[in-house]
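In: model this:
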Amino acid sequence: VEALTGWAAADFIAGRIGFDRLIHPEDAERAWEEVSCAVAAGRPYQLEYRLVARSGALVWVSETGRGMAGTGEAVEWLDGVILDISESKARNAEFSGVLCALDRAQAVAEFDLQGRLLSANANFLSLMGYTLDEVAGQHHS
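Out: Numbering: from 1, shown residues only. Reported below is the predicted structural model:
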């Protein structure tokens, strides 16, 4: 937990800090709703969200868990795993950026096996002098 958050396990155990206080404000409500619904339904949950580490750094995490009952039937704690997926998120963002840049830089068109135009980017349409509505679904050889 310390490598992930910058807080020692003892701080969590003593109640000086909790994961609920570390979840990024933009993700907190969604995370709470997803976990609460899963726990209420008695099913496991899986979600991704951002934590704000003690240093202020944003850490993307994937959490999988489920509510656990104590001596009675009521859920008393969550049992699960939280993994740092920051590197994976960064790679995905970089890849998306590259795809977006390619789409802006090149004329791109997608055809089906019969030669009908399925989609085209703005550069292709501009180069050809058409709008997508004029050529969509038409046969081109």
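In: Q46 contacts S62, doesn't it?
Out: Yes - shown here, Q46 and S62 form a contact pair, counting by Cβ atoms under 8 Å, at 7.1 Å. C-beta here means a position set from N, CA and C on the backbone, and glycine is covered the same way.
In: Which strands border the longest strand seen in the chain, and is each parallel or antiparallel?
Out: When secondary structure is assigned using DSSP state E, the longest strand within the chain turns out to be strand 58-69. Applying DSSP bridges, strand 58-69 is found paired with strand 45-52 (antiparallel), strand 75-84 (antiparallel).
In: Out of those, which is the most enclosed?
Out: Ranked by average neighbour count under the criterion mean count of other Cβ atoms under 10 Å, those are headed by strand 45-52 at a mean of 18.
In: What ranges does the chain have for its helices?
Out: 2-5, 9-13, 19-22, 25-41, 86-105, 122-128, 132-135 (DSSP state H).
In: Tell me which of these lies nearest to G115.
Out: Of all the helices of the chain, the one in closest proximity to G115, counting by Cβ to Cβ, is helix 132-135 (11.7 Å).
In: In PDB, list the C-alpha atoms belonging to that closest one.
Out: As requested, C-alpha coordinates have been extracted for helix 132-135 and formatted as PDB (Å, rounded to 0.1, in the frame of the first residue of the first chain):
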ATOM      1  CA  LEU A 132     -19.500  11.500 -46.500                       C
ATOM      2  CA  ASP A 133     -23.200  11.600 -47.100                       C
ATOM      3  CA  GLU A 134     -22.500  11.800 -50.900                       C
ATOM      4  CA  VAL A 135     -20.300   8.700 -51.000                       C
END
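In: Remind me what it packs against, helices and strands.
Out: Secondary structure elements in contact with helix 132-135, counted by 3 or more Cβ pairs under 8 Å, 6 or more residues apart in numbering; DSSP states H and E, are strand 117-120, helix 122-128.
In: Just the buried positions in that helix, please.
Out: By neighbour count with 16 or more other Cβ atoms under 10 Å, helix 132-135 contains the buried residues V135.
In: again with stretch 110-129
Out: Counting neighbours by 16+ other Cβ under 10 Å, one finds that the buried residues in stretch 110-129 are 117, 120-121, 124-125.
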